[in-house]
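Chemist: For reference, the sequence and a predicted model appear below.
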2 protein chains.
Amino acid sequence: MEIRPQLDTGSDVPLYRQLAEYLRTLIESGELRAGDRLPPTRELAAQIGLNRTTISAAYASLESESLIKGEVGRGSFVSGLAAHAPPARVDWTAALTPAPAAQPRSSQNGIRIDFTSSRPAAALFPLGDFQDCCRRVLESLELPRLLQLGSPGGYEPLRRHLLDRGVELGFVRPSDSTLITNGCQQAIDLLRRALVRPGDKVAVEEPVYPGLRNAFLEAGAQLIGIRMTPAGVDFDDLRSALNSGAKIVVITPSFQNPTGATIPESRRATLVEMVRAAGAVLIENDLYTELRYEGDDAPRLKSYDPDVILLGSFSKVAFPGARVGWIVGPRPLIARATELKQVADLHTDQLSQAFLLEFAKSGALERHRAHVVTAGREKLRSIASACTRHLRGCSFSLPEGGMNVWVKLPAGMDAAALRGIARQAGVDYLPGRYFSVARPLDHAFRLSFAGLEPDAIEEGIEILGSLIEQTGPSQDETLEPEPALV
Amino acid sequence: MEIRPQLDTGSDVPLYRQLAEYLRTLIESGELRAGDRLPPTRELAAQIGLNRTTISAAYASLESESLIKGEVGRGSFVSGLAAHAPPARVDWTAALTPAPAAQPRSSQNGIRIDFTSSRPAAALFPLGDFQDCCRRVLESLELPRLLQLGSPGGYEPLRRHLLDRGVELGFVRPSDSTLITNGCQQAIDLLRRALVRPGDKVAVEEPVYPGLRNAFLEAGAQLIGIRMTPAGVDFDDLRSALNSGAKIVVITPSFQNPTGATIPESRRATLVEMVRAAGAVLIENDLYTELRYEGDDAPRLKSYDPDVILLGSFSKVAFPGARVGWIVGPRPLIARATELKQVADLHTDQLSQAFLLEFAKSGALERHRAHVVTAGREKLRSIASACTRHLRGCSFSLPEGGMNVWVKLPAGMDAAALRGIARQAGVDYLPGRYFSVARPLDHAFRLSFAGLEPDAIEEGIEILGSLIEQTGPSQDETLEPEPALV
């Protein structure tokens, strides 16, 4: 058949894309069929009066979508079944269940200083130590067992290690057991499957980590947001959530994401007792505790009550790309969660379980943690100094560890709008609305600093500060005393 | 306090366990408190008139539960918080959601010949090739990226590889995309989250892989079992399932688990067209296709219709312990499943994704597959011969590949009862009831042969045959012609 595209040289759409679009239509309509050979680029270029590179670009674009296939020395051919098969018929919009709430995506191109992701710095990864651990595992007699189907509960030596460590740290009891999960996110997902019936009330922090909120929403939970103060959840809000029938309470006691807030030791027993007295289940999200850069450790909430369910992970202290986390909790709960784990994905990847166990037992994890804490202290000082100097008119509360600082803009300013301008200047962060349960958090945003170097932190905050001054209302109108972070 | 146990020397319960139980009661009641020192074994042995090793065994048992802790040179002490903390209070029976349907557990001790697990033989794992692939990945510049937080959709080079391979095999089209999952089980779990609303009718094969059934049940689906014939699903059953409003149909077209049945090429287009005409979504569980030991390949169902959703995995051909599977399907479906994947566990372990990609691209996967197919052919011939010679009065249909043979006992015999006897003889299998949707399948059982050597297969079937002859009704009463497998 003849190829006679109508191309618009005045259009914003490049000519090669117009040509590709035209060819696609011929293929999808069946005018070009599977196996048909397209004209050589030189020939088509001459025929329709275009540059040969334009033709090549159009072919490359179709090839990237597998609509055509180039064969060396033979030319380009229309691909296999694409043209034969019937057109799509299913109405996916109707077939699919509702989408989860908006989830942050990673930053796009053009961002030089990226505060969006609460993750460790890859530059700190101890690659040599990790490679050594992997080699030892790969050369061990365990390898065939690791490659074979495993146990839903997890790799037994890792389970043993985690329980022993919990006993040493004083929060694991004989009545506890553990389940290995694909990071903490799956721990949350399995717990909501084990504990939530549609309509159940679940109290979470507000602002809250969106992955936690979305998992409970998918279960049909009715979420109650407990406002955050610099000393952790507001007890009045917690009390009223419990009074209104919250069945589950999820707390990140140390360096909460996104606020960085930590519950002081003096308030922990009271918090546990409030939840306990109300007959609710308390889930302790223990991701950041070991990333303390300043001040003193507080005992885990689980130390105060055997019924508390504790979630942990290697992702924040070590490697998020290897998905290994865990739940420690009372045996009946762990037994049910393990059954649900089997339905979810049979078991967690065994190679990574063994690698991370070796990394922990060899002492490399603790060395790495010490290194991360030292680096984190510098980063924290850098962000503290930069926020204080540059974010005039904003309020923020500095954490003693973790990965995040929560910043509230001067009244009337919108964090999503500011983000648009910041991105043009090469700086990105996540606006408050991503962390919302029920309250609008448009005036706030999260700065995740753990993945950045001190210099970049300083520079990024300085840029944000000047953008706030340029676009925001004047300083004295906006400063308002406000103890709560939200 | 004084330790004065009342021990019953006539009991079946060993003395050390009676003593441990007594001490546990003292600890749990608070009579022994955290930090209290237990008497030295020699002293307590003399005091209560028992052998010192009995005392040591009791202490070891308590220590294994972390109730006490031995300190070298100082003695044994009651552990930290166990005695301080309040007793457990949550009523877990009430707090937990209903348990999934019964799930098979792996065999226990004393089983010499284990037909229970549909998994590959660890003895065939090409450890050297796999180690080489892992080393190349670990030494590559990709390592820091693999250890960092990844993309919910999966490791991009692996996604590209799978799509390219699907294009070559003729079932992937430009309208398709892919999502990497933790093995095929998670693919099923994510699809039910993306597609099933409570009460939706879902048609599955009967007998069916329990992990598939349980995932849809957890979603609140109403399951319809389509009976299996040696040529795959019964079309009359499928038609009536579609007429009754089944919204989703899940089919394993080749070497179905547990029956081993395969849909011939001549019936595939018709099947796809039936589902398509009814406006239902068709999920193709493509786990075993590449494990064909005899006969000719048939095209995948997805080749006939772009709307078909295809599930694949490295677990059956290569390593189930590294959890890497995938969904290939229309872009809107994959986009939603990817959002749900982020809620489920952020993304799949990146190390294993990279290892398996290297294993595939280096050619080691295809070499291994050829090896597994050669070995599988021998195993299949062995089980065919053994079943024919030894399982008199039973009916079975031999597959041309995969891992499973489905056996029906003479009328009146119960597969679960026979299992009890078989296990005493060191042979184990899974009774039909595990694979049931709505029909009782007590007369049938699954033999998974891929993990066993030909000799073991022969011996195991011979033992089963003689047990059936010893315990069952006579042969001529029971042989009944019956085309369907269920």
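Modeler: Looks like it came in fine.
Chemist: which residues of the stretch 301-450 of chain A score low on pLDDT?
Modeler: For the stretch 301-450 of chain A, no stretch is flagged by pLDDT under 70.
Chemist: Please, where are all the helices along it?
Modeler: A:331-345, A:350-361, A:364-390, A:415-424 (DSSP state H, counting those that start in this stretch).
Chemist: what helices or strands is the last one leaning on?
Modeler: Which is helix A:415-424. If you count contacts as 3 or more C-beta pairs under 8 Å, 6 or more residues apart in numbering or on different chains; DSSP states H and E, helix A:415-424 packs onto strand A:430-431, strand A:444-448, helix A:454-471. Where you see a C-beta, it was placed from the backbone N, CA and C, and this is true even at glycine.
Chemist: what's the answer for the second one, then?
Modeler: Helix A:350-361 sits against helix A:127-138, helix A:143-147, helix A:156-169, helix A:364-390, helix B:350-361, with contacts defined as 3+ C-beta pairs under 8 Å, 6+ apart.
Chemist: Using a markdown table, lay out the helices of the stretch 301-450 of chain A together with mean neighbour count and distance to A:Pro264.
Modeler: Putting the helices of the stretch 301-450 of chain A into a markdown table (neighbours: other C-beta atoms under 10 Å in any protein chain shown; distance: least, C-beta to C-beta, whole Å) gives the following:
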| stretch | mean neighbour count | distance to A:Pro264 |
| --- | --- | --- |
| helix A:331-345 | 23 | 28 |
| helix A:350-361 | 24 | 29 |
| helix A:364-390 | 17 | 18 |
| helix A:415-424 | 16 | 28 |
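Chemist: between these, which one is nearest to B:Thr270?
Modeler: helix A:331-345 (32.4 Å; C-beta to C-beta).
Chemist: Would that closest one count as contacting chain B?
Modeler: Yes: shown here: helix A:331-345 in contact with chain B (C-beta under 8 Å from any C-beta of the partner chain) through A:Pro332, A:Leu333, A:Arg336, A:Glu339, A:Leu340, A:Gln342, A:Val343, A:Ala344, A:Asp345.
Chemist: Surely the first one touches B:Trp92?
Modeler: Yes: judged on C-beta atoms under 8 Å, A:Pro332 makes contact with B:Trp92 at a distance of 3.7 Å.
Chemist: coming back round to it: so which of the helices of the stretch 301-450 of chain A comes closest to B:Gly401?
Modeler: Of all the helices of the stretch 301-450 of chain A, it is helix A:331-345 that lies closest to B:Gly401, at 25.0 Å by C-beta to C-beta.
Chemist: Just the C-alphas of the closest one, formatted as PDB.
Modeler: Extracted in PDB, the C-alpha atoms of helix A:331-345 (Å, rounded to 0.1, in the frame of the first residue of the first chain):
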ATOM      1  CA  ARG A 331       1.600 -15.400  68.800                       C
ATOM      2  CA  PRO A 332      -2.100 -15.600  67.800                       C
ATOM      3  CA  LEU A 333      -1.700 -12.400  65.800                       C
ATOM      4  CA  ILE A 334       1.500 -13.600  64.100                       C
ATOM      5  CA  ALA A 335      -0.100 -16.900  63.300                       C
ATOM      6  CA  ARG A 336      -2.900 -15.200  61.500                       C
ATOM      7  CA  ALA A 337      -0.600 -12.700  59.800                       C
ATOM      8  CA  THR A 338       1.500 -15.600  58.600                       C
ATOM      9  CA  GLU A 339      -1.500 -17.300  57.000                       C
ATOM     10  CA  LEU A 340      -2.300 -14.100  55.200                       C
ATOM     11  CA  LYS A 341       1.400 -13.700  54.200                       C
ATOM     12  CA  GLN A 342       1.000 -17.100  52.500                       C
ATOM     13  CA  VAL A 343      -2.000 -15.800  50.500                       C
ATOM     14  CA  ALA A 344      -0.200 -12.500  49.800                       C
ATOM     15  CA  ASP A 345       3.000 -13.900  48.300                       C
END
